[in-house]
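Q: Attaching a predicted model along with its sequence, questions to come.
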Amino acid sequence: MKLFRRSTSFPWPPVWQLDAGATLWRVLFSGDGRILGEARNLEEKQSWFFCAREEDGAVLWNDLRPGDPWWIGIEDVADGRFYLHGFRKPDMPQHLGIFAHDLDSGKELWRNEELSFLFAFDGSVYAAQERFNGMFVLRLSNEDGSVVEELGQQNEQVTAMRAMLNERAFAGYRYPEPFDERHPEFETLRDRVHAEAPPDQVTGTLDVWQENGVLAMAWHEALPAARGRVHQRFSVIDTASGTPLYRDTIVDNAQAPGVDSFFVKDHLLYYVKNYRFLTAHDLSGVTA
């Protein structure tokens, strides 16, 4: 795993870029300035986990490979801990098993291979147990995984906590929107956007996001010599002048258009380049 800063002639280069060493399968933000990542080598069927610092991309620990090398994944990160899951059966989507780890070190704290993770909330872990008459909800201690309370099959408290967690999950995040006639600023931004991404070169949806005089956009561009193949382009301009601040190709020679081009969290804009390089731009330092 490598952390580096890319040299570029554009005035707004990435502040850091982290090479996951394989396909970056998933990232979760801890809420206290850390990023939990899941990397997968698709050919060798190997997976591992890492933790990096949000502000500068510094790797805090890497190459954690607990349990099964492939049939494992991230559930959640909360209260200085993160939770992994196994699967009920290989090639089946149902999760089974809870593996709790310390976010500071990656060290395993406890595990329960009989329960399925639901969510973590205010110092507790909520889990489901399959019984003869259906799924039964339990509240566990996040310290050692012991059962603190049996909540039964239907519980209004659990439903309310889920709703609250959904609200928390999107706090501080901003996402691009499709740019077409239905966009609220289509007429105002049309000339700027089309100058950077000519409509005859755009395949599918063009996504845009703007804030504080910065306009970021991402789109797919068909490759004439390779039927069905596309490049996914990324560009940032100064909204007032149209001056290019940064241009990049998020994915080279993709088999099909992808989704989730980029997002903004707090003052950093993120995207994953070529499926493995987590790339961050600092919005607080953007200058034309």
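A: Everything's here; your move.

Q: domains of the protein?
A: Split into domains by automatic domain parsing, the chain comes to 11-171, 174-285.

Q: what about residue 188, is that helix, strand or coil?
A: Secondary structure assignment for residue 188 (DSSP: H, G, I helix; E, B strand; the rest coil): helix.

Q: Phi first, then psi, for residue 285.
A: The phi/psi pair for residue 285 (degrees, to the nearest 10) reads phi -110, psi 20.

Q: quick one: the strands in the stretch 151-288 of the chain?
A: Secondary structure of the stretch 151-288 of the chain by DSSP state E, counting those that start in this stretch: the strands cover 173-174, 177-178, 203-211, 214-222, 230-238, 244-254, 263-265, 268-273, 277-282.

Q: which helices and strands sit right next to the fifth one?
A: When contacts are defined as 3 or more C-beta pairs under 8 Å, 6 or more residues apart in numbering; DSSP states H and E, strand 230-238 packs onto helix 186-196, strand 214-222, strand 244-254. C-beta here means a position set from N, CA and C on the backbone, and glycine is covered the same way.

Q: Please work out which of the ones you listed is packed deepest.
A: With neighbours defined as mean count of other C-beta atoms under 10 Å, the helices and strands packed on strand 230-238 peak in mean count at strand 214-222, which reaches a mean of 22.

Q: Direction included, what does that strand pair against?
A: Note on strand 214-222: by DSSP bridges, its sheet partners are strand 203-211 (antiparallel), strand 230-238 (antiparallel).

Q: Deepest-packed of the ones you listed, please.
A: strand 230-238 (a mean of 21).

Q: quick one: average confidence on it?
A: For strand 230-238, mean pLDDT rounds to 95.

Q: Can you show me the CA trace of it as PDB?
A: Extracted in PDB, the C-alpha atoms of strand 230-238 (Å, rounded to 0.1, in the frame of the first residue of the first chain):
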ATOM      1  CA  VAL A 230     -15.800   3.900 -22.100                       C
ATOM      2  CA  HIS A 231     -13.600   6.300 -20.200                       C
ATOM      3  CA  GLN A 232     -15.000   7.900 -17.100                       C
ATOM      4  CA  ARG A 233     -13.800  11.500 -17.100                       C
ATOM      5  CA  PHE A 234     -13.600  13.900 -14.100                       C
ATOM      6  CA  SER A 235     -13.200  17.700 -14.300                       C
ATOM      7  CA  VAL A 236     -13.300  20.700 -12.000                       C
ATOM      8  CA  ILE A 237     -13.600  24.300 -13.100                       C
ATOM      9  CA  ASP A 238     -14.000  27.700 -11.600                       C
END
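
Q: got the contact list for residue 155?
A: Contacts were defined as C-beta atoms under 8 Å, 6 or more residues apart in numbering; by that measure residue 155 touches residue 137.

Q: Check the gap between the nearest residue in space to residue 34 that is not next to it in sequence and residue 248 for me.
A: Distances taken as C-beta to C-beta, 6 or more residues apart in numbering put residue 51 closest to residue 34, at 5.7 Å, once the chain neighbours are dropped. Counting by C-beta to C-beta, to the nearest Å, the separation of residue 51 from residue 248 is 25 Å.

Q: related to what we said a few turns ago, same list (the strands paired with strand 214-222) but as TSV, adding distance to residue 14.
A: Below are the strands paired with strand 214-222 laid out as TSV (distance: least, C-beta to C-beta, whole Å):
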stretch	distance to residue 14
strand 203-211	17
strand 230-238	11
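
Q: Which one of those lies nearest to residue 17?
A: Closest approach to residue 17 among those (C-beta to C-beta): strand 230-238, 13.0 Å.

Q: Export the strands of the stretch 151-288 of the chain as a markdown table, with columns for distance to residue 152.
A: Below are the strands of the stretch 151-288 of the chain laid out as a markdown table (distance: least, C-beta to C-beta, whole Å):
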| stretch | distance to residue 152 |
| --- | --- |
| strand 173-174 | 34 |
| strand 177-178 | 41 |
| strand 203-211 | 43 |
| strand 214-222 | 46 |
| strand 230-238 | 47 |
| strand 244-254 | 46 |
| strand 263-265 | 37 |
| strand 268-273 | 40 |
| strand 277-282 | 41 |
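
Q: To residue 70, which of the ones you listed lies closest?
A: strand 268-273 (20.7 Å).

Q: Strand 214-222 and the closest one, what's the angle between them?
A: Angle between the axes of strand 268-273 and strand 214-222 is 10 degrees (criterion: axes from the mean of the first three to the mean of the last three C-alpha atoms, to 10 degrees).

Q: thinking residue 126 is in contact with residue 142, fair?
A: No - applying C-beta atoms under 8 Å, one finds residue 126 not in contact with residue 142, separated by 10.3 Å.
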